[in-house]
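Q: Here's my sequence, what's the structure:
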Amino acid sequence: MKYLLFLGCVIPYRVLSYEISARKILAEFGVELIDMPNFNCCGFPLEAINYEATLVLAARNLCIAEEEGLSILALCNGCSETLYLVNKKLKESKELREKVNDFLSNIGMEFKGKIEVKHLARVLYEDIGVERIKKKVVNPLSELVVAQHGGCHLFRPVKHIQFDDPDNPVKFKSLIEATGAKCVSYPDESQCCGGPISGIESKLALQLVADKLKRIKGVGAQALITVCPYCHLMYDSMQKMAEREAGEEFGIPVLHYPQLLGLAMGMDPKELAIDMLKVKATKILEIISK
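A: Next up is the predicted model:
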């Protein structure tokens, strides 16, 4: 199984722990990752300002994948959704495809619609499968109680993405529970992390973070599990600021799903870059090492 790895903008500079842990666990399942050469931004940040620019930026990445002859595996929810939707729209619309290809012709590229785009969670669930994941678990995390945050773009828009129910994401939860951990439900699980508005309404974004962490803490979860770098930043890196905003301490470690799975597979926490988390997972590691 071979994929072209699309890292996007945020992960290499701000969430390296996600990439490190994802590479570790995928290698154990025989997934070969080829680093995508000369990629650019997926186009997502520009969507509301200049949709045409988003299409062309995404299409250029898709053309690179076509030249490599490999489908794309993306770790970021926003990158995955953007590349997936643009790929789908360009395949379905001859008019749109011709318009985008007119732009691409200036750099000697042409979109042909030969590859697919998948998020890490889809590769784990659809290509590898929950049962195969369970067979790799040598250290079941049965003493650990966690909550999930899949993020908005992993599931939406539902009619196009068609991966899971955003209001009841049973597939993502099954991946979590494959590690042996108990994944508890909490009110308003599908609420956005606040990342998209953090640049213009930082106080409101922090309130959203605090509100969710309160609910997670209220159901007794010992950690929050994410599969999106930006969501991870909001709940991990911004947790201290959210605590000050709310006047309450949460102290909830935020683990990337590959880190959780890696621990269940018996990997050393340092191999999974758990020491890079802002909210230290010391208590979590103590629980699973008993």
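
Q: now the closest residue in space to residue 110 that isn't next to it in sequence: how far from residue 53?
A: Excluding the flanking residues, the one nearest residue 110 by CB to CB, 6 or more residues apart in numbering is residue 101, at 5.3 Å. From N, CA and C alone the C-beta is placed, and that goes for glycine too. Using CB to CB, to the nearest Å, residue 101 is found at 15 Å from residue 53.

Q: And the residue of the chain most remote from its centre, what's its pLDDT?
A: Residue farthest from the centre of the chain, counting by CA atoms, centre = their mean, is residue 106 at 32.7 Å. As predicted, residue 106 sits at a pLDDT of 97.

Q: Is it in a helix, a strand, or coil?
A: Residue 106 falls in the helix class when you classify it by DSSP: H, G, I helix; E, B strand; the rest coil.

Q: any idea how far residue 220 is from it?
A: For residue 106, the distance to residue 220 - CB to CB - is 56 Å.

Q: Lowest-scoring secondary structure element of this structure by mean pLDDT?
A: helix 158-161 (a mean of 86; mean pLDDT, DSSP states H and E).

Q: pLDDT wise, what is residue 198 at?
A: 89.

Q: With the one 10 residues further on instead?
A: We note a pLDDT of 97 for residue 208 in this prediction.

Q: Residue 288 and residue 139 touch, don't they?
A: Yes - between residue 288 and residue 139 there is a contact under CB atoms under 8 Å: 6.9 Å.

Q: residues shared between the contacts of the two?
A: residue 263 (CB atoms under 8 Å, 6 or more residues apart in numbering).

Q: Between these two, tell me which one has more neighbours.
A: Neighbour totals were compared for residue 288 and residue 139, and residue 288 leads with 21 against 15 (other CB atoms under 10 Å).

Q: if we can go back for a sec, same for the one helix or strand the residue nearest to residue 110 maps to, what does it pack against?
A: Following DSSP states H and E, one finds residue 101 within helix 94-104. If contacts are counted by 3 or more CB pairs under 8 Å, 6 or more residues apart in numbering; DSSP states H and E, helix 94-104 sits against helix 51-68, helix 77-92.
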